[in-house]
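Undergrad: Got a sequence here, can you model it:
(one chain, ligands or ions: 1)
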Amino acid sequence: MPYKCQPIASHFINGEYVEDTDGKIIECIYPATGEIVAKIYSATPEIIEIALSAAKSAQKSWGKLSGTERGRVLRRASDIIRKRNRELSILETYDTGKPLQETLCVDATSGADALEYFGGLAGAVTGEHIPLGEDWVYTKRIPLGVCIGIGAWNYPTQIACWKSAPALACGNSMIFKPSEMTPLCALKVAEILVEAGAPPGIFNVVQGYSDVGATLVADTRVNKVSLTGSAETGKKVYAAAAAGMKHVTMELGGKSPLIIFDDADIENAVGGAMLANMYSTGQVCSNGTRVFVQKGIKDAFLKRFLERAAKIKVGDPMNEETQFGPMISERQRDIVIGFIEQGKAEGATLICGGNAIKGDGWFIEPTVFSNVTDDMTIAKEEIFGPVMSVFEFETEDEVITRANNTDLGLAGGVFTNNIQRAHRVVDELEAGTCFINSYNDAPVEAPFGGVKGSGVGRENSKAAIEHFSQLKTVYVRMGKVDSPY
Ligand code: NDP
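TA: Numbers count the residues shown, from 1 in each chain. The predicted structure follows:
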């Protein structure tokens with residue numbers, strides 16, 4: 001019997017599906033039931049070779065088109081994605097287990113946003129004119145060449161689009177390697193780009209485990225690597241790219257603080273903390289998992305949080321009423337349960353959830369610890385699951401020091417009705433992306449990325465153009481060359 005989500009073939013190269021059954025088998029498992037929904041093959045050296053040569057040769061003519069011509073393709077792809085949102089959202093739900101209620105409004109749609117935004121921007125990627133008396137210099141923004149995109153498993157459609165849209169807008173080609181846990185969605189993005197008129201070879205998808213990613217990164221034909229993944233993987237990929245002096249964007253993990261002052265609107269603060277910890281079953285890199293609550297408001301905050309958490313609808317992700325799905329894999333569920341056990345053993349107070357849910361799939365209850373101290377494992381390690389840690393604090397200076405006491409710096413948030421304090425605190429937070437009276441918004445118009453161990457470079461916004469293009473400087477002399485020789 002055919003599998004529910006079986007693609008035509010494992011890889012998409014040079015405008016078509018390609019198969020090589022000699023590769024290691026990758027089983028695609030629907031996290032809500034454990035059912036195998038597709039079986040594909042990891043790329044063999046032959047597949048990697050045809051992808052690299054396709055991307056290399058296609059880039060030359062793509063890079064020579066005008067930005068407006070390239071942008072038109074991206075905008076058409078955006079329209080197709082929006083038209084097919086429901087079908088793509090169902091696939092995203094099979095790939096990740098995230099509830100359809102989420103995927104319908106976040107995943108394919110944010111991918112479409114990126115294609116639309118960078119499609120619009122493509123024609124505006126220009127250099128400058130620098131007058132020097134009768135001579136002048138002009139600069140051009142030129143493509144980098146062949147780019148590798150490597151994705152994590154939490155947002156497979158969005159990550160493929162967030163990387164390919166600015167890359168293609170700037171005239172590059174891309175080979176994208178999805179996480180082997182969520183290999184299906186990027187194939188659809190590739191299909192749609194071709195349907196929208198992208199020339200063959202401009203966006204290719206190659207499946208595989210980390211060895212495939214590492215082979216792609218090391219190849220001398222590759223000019224740029226954009227990774228979304230853990231901080232640990234980021235260090236390895238950054239080092240491998242540096243050996244070939246390649247450009248990088250590293251979107252890595254976080255352990256971000258969310259600070260709630262006692263003058264905050266409690267309902268908004270609770271809503272923000274829920275978005276910062278429970279959305280996508282807590283599998284979001286920028287999550288505000290260290291929730292610092294000022295002493296005077298702590299009891300009221302926890303009471304409301306628990307009341308609202310008790311109403312979270314956990315269950316079948318395909319039911320549009322469901323708000324909370326399973327973890328991506330059995331392994332990830334066990335890792336998160338391990339952290340919960342450590343939290344209990346080290347003395348944090350478990351006030352909500354804490355258990356794996358019996359039955360099919362890899363569900364965990366929404367979990368909250370209070371009385372967490374800064375030295376505990378759950379306060380220091382990225383858990384990547386629905387586990388919120390609540391810390392008590394008294395003063396602004398104290399909380400800023402504690403919030404910054406981490407090697408990571410992806411995001412940070414503050415809830416307060418004191419406008420001066422809000423800006424003062426975000427000024428002090430060592431984080432790439434900050435929120436005031438909100439959490440986890442990621443509009444394509446705004447730069448997104450981390451500081452410290454959370455990465456380098458920025459995705460989205462005009463900033464992404466700088467990370468997918470480079471400057472060429474041209475000096476133009478009008479008069480004679482004044483040479484002393
Ligand atoms: P991993 O770091 O394990 O993997 C990320 C990707 O890198 C996967 O496709 C992986 O392949 C590949 N990879 C692993 N090792 C190498 C290597 N040496 N060379 C090339 N490629 C390699 O992350 P997860 O998939 O587990 O995702 C979770 C992590 O991603 C979390 O830490 C999270 O915070 C972070 N993340 C960051 C985001 C951001 O924008 N800052 C957004 C979303 C997630 P394989 O899967 O086969 O190992």
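Undergrad: Quick check: Phe305 touching Gly272?
TA: No. Counting by Cβ atoms under 8 Å, Gly272 is not a contact partner of Phe305; they are 10.6 Å apart. For glycine as for every other residue, the C-beta is placed from the backbone atoms N, C-alpha and C.
Undergrad: contacting residues around the helix or strand harbouring Ala239?
TA: According to DSSP states H and E, Ala239 maps onto helix 231-243. Residues outside helix 231-243 that contact it (Cβ atoms under 8 Å, 6 or more residues apart in numbering) are 150, 210, 213-214, 217-218, 225, 227, 229, 247-248, 250, 252-253, 382, 407-408, 453-456.
Undergrad: let's go with 7 Å and repeat that
TA: 150, 214, 217-218, 225, 227, 248, 250, 252-253, 408, 453-455 (Cβ atoms under 7 Å, 6 or more residues apart in numbering).
Undergrad: Check stretch 129-146 too.
TA: If you take Cβ under 7 Å, 6+ apart as the criterion, stretch 129-146 is touched by 55-56, 59, 63, 125-128, 170-173, 221-224, 247, 468-479.
Undergrad: per-residue confidence for the residue in the stretch 51-200 of the chain that the ligand sits nearest to?
TA: Among all residues of the stretch 51-200 of the chain, Ala152 sits closest to the ligand, at 3.2 Å; criterion: Cβ to the nearest ligand atom. Note on Ala152: pLDDT of 98.
Undergrad: what's near enough to touch it?
TA: The contact partners of Ala152, by Cβ under 7 Å, 6+ apart, come to Ile159, Ser179, Thr228, Gly229.
Undergrad: ok, back up a step: just put the contacts of helix 231-243 in CSV and tack on distance to the ligand.
TA: Output for these, formatted as CSV (distance: Cβ to the nearest ligand atom, whole Å):
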residue, distance to the ligand
Ile150, 5
Ala214, 4
Val217, 5
Ala218, 9
Val225, 8
Leu227, 6
Val248, 12
Met250, 8
Leu252, 5
Gly253, 3
Leu408, 9
Gly453, 11
Ser454, 6
Gly455, 6
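Undergrad: And the pLDDT for Pro2?
TA: At Pro2, pLDDT is 81.
Undergrad: okay, now it: neighbour count?
TA: 6 (other Cβ atoms under 10 Å).
Undergrad: So it versus Ile8, what's the distance?
TA: 11 Å (Cβ to Cβ, to the nearest Å).
Undergrad: Over to Met174?
TA: 20 Å.
Undergrad: So for the two, which sits in the more crowded spot?
TA: A count of neighbours by other Cβ under 10 Å puts Met174 above the other of Met174 and Ile8, at 27 against 11.
Undergrad: about what we covered before: list the buried residues of the helix holding Ala239.
TA: Within helix 231-243, the residues that qualify as buried are Ala231, Thr233, Gly234, Lys236, Val237, Tyr238, Ala240, Ala241, counting by 16 or more other Cβ atoms under 10 Å.
Undergrad: Include pLDDT and distance to Thr401 when you put those into JSON lines, please.
TA: Listed next are those as JSON lines, based on pLDDT from 0 to 100; distance: Cβ to Cβ, whole Å:
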{"residue": "Ala231", "pLDDT": "97", "distance to Thr401": "22"}
{"residue": "Thr233", "pLDDT": "98", "distance to Thr401": "29"}
{"residue": "Gly234", "pLDDT": "98", "distance to Thr401": "26"}
{"residue": "Lys236", "pLDDT": "98", "distance to Thr401": "31"}
{"residue": "Val237", "pLDDT": "98", "distance to Thr401": "32"}
{"residue": "Tyr238", "pLDDT": "98", "distance to Thr401": "28"}
{"residue": "Ala240", "pLDDT": "98", "distance to Thr401": "35"}
{"residue": "Ala241", "pLDDT": "98", "distance to Thr401": "34"}
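Undergrad: ok, and for stretch 260-273, which residues are buried?
TA: Ile260, Phe261, Asp262, Ala264, Ile266, Ala269, Val270, Gly271, Gly272, Ala273.
Undergrad: ditto for stretch 119-128
TA: Gly119, Leu121, Ala122, Val125, Gly127.
Undergrad: In helices only, show me these.
TA: Using DSSP state H, the subset of those located in helices is Gly119, Leu121.
Undergrad: restrict the buried residues of stretch 119-128 to contacts with the ligand.
TA: Residues of those in contact with the ligand (Cβ under 6 Å from any ligand atom): none.
Undergrad: and which of the buried residues of stretch 119-128 is nearest Asp397?
TA: Distance to Asp397 across those (Cβ to Cβ) is lowest for Leu121, with 41.2 Å.
Undergrad: Kindly state the pLDDT recorded for that closest one?
TA: Reported pLDDT for Leu121: 98.
Undergrad: got a list of what it touches?
TA: Contacts of Leu121 (Cβ under 7 Å, 6+ apart): Ala169, Lys462, Ile465.
Undergrad: From Pro131, how far off is the second one?
TA: Applying Cβ to Cβ, the value for Lys462 to Pro131 is 24 Å.
Undergrad: Now for Lys39, how many residues are close by?
TA: 13.
Undergrad: To clarify, my last question referred to Ser483.
TA: For Ser483, using other Cβ under 10 Å, the count is 5.
Undergrad: same deal with Arg333?
TA: Arg333: 21 neighbours (other Cβ under 10 Å).
Undergrad: Am I right that it falls within a strand?
TA: No. Going by DSSP: H, G, I helix; E, B strand; the rest coil, the assignment for Arg333 is helix, not a strand.
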